[in-house]
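S.K.: turn this into a structure:
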Amino acid sequence: MNLLFISSNRLGDSLINIQVLNKYIRENPNINITLVSGSLAMPLYDDYNQIIKRISFNKEKFNFHWLKLYTKLFNFHFDETIDFRSSTISFFLKTKKYQIFKMKKKENIYEQIQKKFQTNIDQDMRLMINEERLNNTNYNNYACISPFANWYPKEWPIDYFNRCCQDLVEMGIQKIFVLGSLKDSRRFNEILNVNNKIINYCGSSHLLDDYALLKKSKIFIGNDSGMMHLASLANTPSICLFGPTNDNIYFPKLSKNSKLIRSKKSYEELTSNISNLNNYKKNLMNDISYDNVLMEIKKILND
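M.R.: Residues are numbered from 1 along each chain as shown. The predicted structure is shown next:
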């Protein structure tokens, strides 16, 4: 089977829809995949041996990116095309069958994809990684946090993350890894290095190595971000912090180990009176109770 898989541009969305790619690989042992992905998410697929062609695809002005993509694909024949960009490019390619995913704005995105493509929660909600990556994770009794996000209003105050680190160390956690992007690494000095147990992992390793680290972590604490979705796929016991983003849509609802804690105000209450969300600079996560988070930390570590 020759499959064209057009993934999302953003890391978080790519992690959510990778369950579909896993399903097709599971059901078609001899599959050959042509992958189209944003450059940020492309490393997620580095250990997928079934991918024979990778095309990095990023937005350009006047939709030139679609024309460029067409010129790279029009000579190929596909048995099926799956498009998570909700585009019309499938109509112009040589493909026997196509499925175009269009997100419904009021339903959980994990559940939408799972129902549409009939993925298996236990088998498909994961990333394929080489065993060597897991073997190279030599740490024990550690935690992971992701205190930074690509939009400041959805960051839980850094002082609360610092308190988490102090309490985690007092509970016996030996190391705490701070996960994020290379850009986030510049803010590592905002984290108090409790007893020199805090390690900056932001952008310093491969995404799949971050995934391997998360798979063995005792706990993950983070805002709504790509790292939160990565922790969900790794099945890490996770505390997922939400405020001015819609948890009804983006919370990893299919994960049994993900715990939602959100601000007292709903997503609509927090955002309805803000005219330009992209340019909004104030924090909207201040009312998430530290005590509630600490209570969940204790539950997870005491299980």
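
S.K.: give me the contact list for stretch 98-110.
M.R.: With C-beta atoms under 8 Å, 6 or more residues apart in numbering as the test, stretch 98-110 has contacts from 13, 16-17, 80-84, 86-87, 90-91, 112-113, 116-117, 248-254. Glycine gets a C-beta too; all of them are placed from N, C-alpha and C.

S.K.: 6 Å instead?
M.R.: Stretch 98-110 is contacted by residues 16, 81-84, 86, 90, 112, 249, 252-254 when judged by C-beta atoms under 6 Å, 6 or more residues apart in numbering.

S.K.: buried stuff in it?
M.R.: Neighbour-count burial for stretch 98-110 flags 98, 100-101, 108-110 (criterion: 16 or more other C-beta atoms under 10 Å).

S.K.: go on, stretch 88-97?
M.R.: Buried residues in stretch 88-97 (16+ other C-beta under 10 Å): 89-90, 93, 95.

S.K.: got the end-to-end distance for that stretch?
M.R.: Length of stretch 88-97, first residue to last, C-alpha to C-alpha, to the nearest Å: 13 Å.

S.K.: list the ones among the contacts of stretch 98-110 that fall in strands.
M.R.: 81-83 (DSSP state E).

S.K.: distance to residue 232 for the buried residues of stretch 98-110 - can I get that in JSON lines?
M.R.: Shown next, in JSON lines, are those (distance: C-beta to C-beta, whole Å):
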{"residue": "98", "distance to residue 232": "28"}
{"residue": "100", "distance to residue 232": "25"}
{"residue": "101", "distance to residue 232": "19"}
{"residue": "108", "distance to residue 232": "12"}
{"residue": "109", "distance to residue 232": "12"}
{"residue": "110", "distance to residue 232": "8"}
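
S.K.: farthest pair within the residues you listed?
M.R.: 98 and 108 (24.3 Å; C-beta to C-beta).

S.K.: for the residue lying farthest from the centre of the chain, give its distance to residue 99.
M.R.: Most distant from the centre of the chain: residue 75, at 32.7 Å, with distances by C-alpha atoms, centre = their mean. Note on residue 75: its distance to residue 99, by C-beta to C-beta, to the nearest Å, is 22 Å.

S.K.: so residue 292, which state does it fall into?
M.R.: For residue 292, the assignment made with DSSP: H, G, I helix; E, B strand; the rest coil gives helix.

S.K.: excluding its backbone neighbours, what's nearest it?
M.R.: residue 261 (5.8 Å; C-beta to C-beta, 6 or more residues apart in numbering).

S.K.: so what pLDDT did the one you found get?
M.R.: The score at residue 261 is 98. That number is its pLDDT.

S.K.: and it, how many residues sit next to it?
M.R.: Neighbour count for residue 261, taken as other C-beta atoms under 10 Å: 18.

S.K.: quick one: contacts for it?
M.R.: Shown in contact with residue 261 (C-beta under 6 Å, 6+ apart): 241, 292-293.

S.K.: on that earlier part again, just the buried residues of the ones in strands among the contacts of stretch 98-110.
M.R.: For the ones in strands among the contacts of stretch 98-110, buried by 16+ other C-beta under 10 Å: 81-83.

S.K.: tell me the one of these nearest residue 169?
M.R.: Nearest to residue 169 out of these is residue 82 (C-beta to C-beta; 44.7 Å).

S.K.: spit out the contact partners of that closest one.
M.R.: 5, 99.

S.K.: can you tell me how far it is from residue 263?
M.R.: According to C-beta to C-beta, residue 82 stands 35 Å off from residue 263.

S.K.: what of residue 181?
M.R.: Residue 181 is 24 Å from residue 263, by C-beta to C-beta.

S.K.: in terms of neighbours, single out the busier of the two.
M.R.: Per other C-beta under 10 Å, whichever of residue 181 and residue 263 has more neighbours is residue 263, with 21 against 18.

S.K.: against residue 190, how distant is the more buried one?
M.R.: Residue 263 is 21 Å from residue 190, where distance means C-beta to C-beta.

S.K.: again with residue 41
M.R.: In terms of C-beta to C-beta, residue 41 sits 26 Å off from residue 190.

S.K.: ok, these two, which is more surrounded?
M.R.: Higher neighbour count among residue 41 and residue 190: residue 41, with 22 against 14, using other C-beta under 10 Å.

S.K.: just the pLDDT for that one.
M.R.: 95.

S.K.: how's this structure carved up into domains?
M.R.: According to automatic domain parsing, the chain comprises the domains 2-124, 139-302.

S.K.: let me know which of those is tucked in deepest.
M.R.: domain 139-302 (a mean of 18; mean count of other C-beta atoms under 10 Å).

S.K.: next, the distance between the ends of that one.
M.R.: 20 Å.

S.K.: low-confidence ranges in this structure?
M.R.: Within the chain, the segments meeting pLDDT under 70 span 62.
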